[in-house]
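**Student:** okay, structure incoming, though there's no sequence with it:
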């Protein structure tokens, strides 16, 4: 352990979109989330900044925010996110999500076995990659103390 002050976990993730209406439709209609706040971007006044949450209250840890970024500015490079994952309870729920997304004409990967969880991947209208991941079996599956050893996930053919 370190002497760093504690955190409470992920508060929110902020992303860039090119069309706020399309992004709002994706979050509300496809993912079933709630628009919990519509403001201007504090760092770029005049730019829309919307907050979406899996809960109507939008409490920390359930919120994703977006602001518009004109394509003429180019795309962010190193330091940008590759993907982020939303948790789901179990594989049955994961498969329900897969069917729902496909029903909205969203391309979704097959269910992937990631050893410590199962997941699917898909993209939003701007190409931001999302993952839905099960809670289990968990990081203690192959070691009693998570992070105490280097594990090769390909060693036992866990990767699909």
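**Tutor:** All right, it came through fine. Keep in mind that this is a model prediction, so the values were computed, not measured.

**Student:** packing partners of the longest helix along the chain?
**Tutor:** Among the segments of the chain that qualify as a helix by DSSP state H, the longest is helix 91-103. Other elements packing on helix 91-103 under the criterion 3 or more Cβ pairs under 8 Å, 6 or more residues apart in numbering; DSSP states H and E are strand 118-123, strand 129-134. Every residue, glycine included, has its C-beta placed from N, CA and C.

**Student:** closest to residue 92 out of the ones you listed?
**Tutor:** Proximity to residue 92, assessed across those by Cβ to Cβ, is greatest for strand 129-134 (9.4 Å).

**Student:** what is the mean pLDDT for the helix or strand harbouring residue 52?
**Tutor:** Element membership of residue 52 [criterion: DSSP states H and E] is strand 44-53. What strand 44-53 shows for mean pLDDT is 86.

**Student:** picking that back up, including distance to residue 5, mean pLDDT and mean neighbour count, could the helices and strands packed on helix 91-103 go into JSON lines?
**Tutor:** Output for the helices and strands packed on helix 91-103, formatted as JSON lines (distance: least, Cβ to Cβ, whole Å; pLDDT from 0 to 100; neighbours: other Cβ atoms under 10 Å):
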{"stretch": "strand 118-123", "distance to residue 5": "31", "mean pLDDT": "94", "mean neighbour count": "19"}
{"stretch": "strand 129-134", "distance to residue 5": "28", "mean pLDDT": "91", "mean neighbour count": "19"}
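
**Student:** compare the ones you listed and give me the one nearest residue 10.
**Tutor:** strand 129-134 (13.5 Å).

**Student:** perfect, that will be all.
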